[in-house]
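S.K.: My questions are about this predicted structure, shown below with the sequence.
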Amino acid sequence: EVQLVESGGGSVQAGGSLRLSCAASGWTASIKCMGWFRQAPGKEREGVADIYTGSGSTNYADSVKDRFTISQDNAKNTVYLQMNSLNAEDTAMYYCAACVGGYEYNSWGQGTQVTVSS
């Protein structure tokens with residue numbers, strides 16, 4: 001079992017930056033990939049960025065490419081999401097997820113709120 005705890009959300013003005021953290025505990029050696037998802041009120045959840053923990057390969061949604069960066073610190077079992085040039089459309093609850101034992105997301109954090117004011 002893997003537990004995920006997100007932190008770093010908050011309120012920021014448009015154009016600002018935030019860094020989200022996701023700390024994993026438990027069977028972390030079985031994590032194959034980790035990702036960030038977000039869900040705004042009235043909208044479906046969407047994938048934002050992901051990283052394959054073995055290779056470090058990353059992927060981004062088009063809406064955040066060149067503004068967000070996902071990274072990992074294997075020693076701390078933590079994944080980060082650096083978010084720059086934030087705009088109102090980035091306002092959402094952000095969730096961290098992990099692929100445990102395979103390549104499907106099957107472990108989720110509780111979420112952290114990001115609010116961007118224009």
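M.R.: Received it, and whenever you're ready, just let me know what you need. Treat the numbers as computed from the prediction; the structure is a model and nothing was measured.

S.K.: For the rest of this, base every contact and every neighbour count on C-alpha atoms.
M.R.: Will do.

S.K.: Please name the residues that touch the most centrally placed residue in the chain.
M.R.: Taking Cα atoms, centre = their mean, the centroid of the chain lies closest to Trp36, which sits 2.6 Å from it. Taking Cα atoms under 8 Å, 6 or more residues apart in numbering, we find Trp36 in contact with Gly47, Val48, Ala49, Asp50, Leu81, Tyr94, Tyr95, Cys96, Ala97.

S.K.: Looks to me like the fifth one is in a strand.
M.R.: Yes - using DSSP: H, G, I helix; E, B strand; the rest coil, the secondary structure at Leu81 is a strand.

S.K.: how close does the closest residue to it other than its chain neighbours get to Asn106?
M.R.: Nearest non-adjacent residue to Leu81, counting by Cα to Cα, 6 or more residues apart in numbering: Ile70, 4.6 Å away. Between Ile70 and Asn106 the distance is 19 Å, computed by Cα to Cα, to the nearest Å.

S.K.: Between these two, which has more neighbouring residues?
M.R.: A direct count of neighbours by other Cα atoms under 10 Å for Ile70 and Asn106 places Ile70 higher, at 24 against 13.
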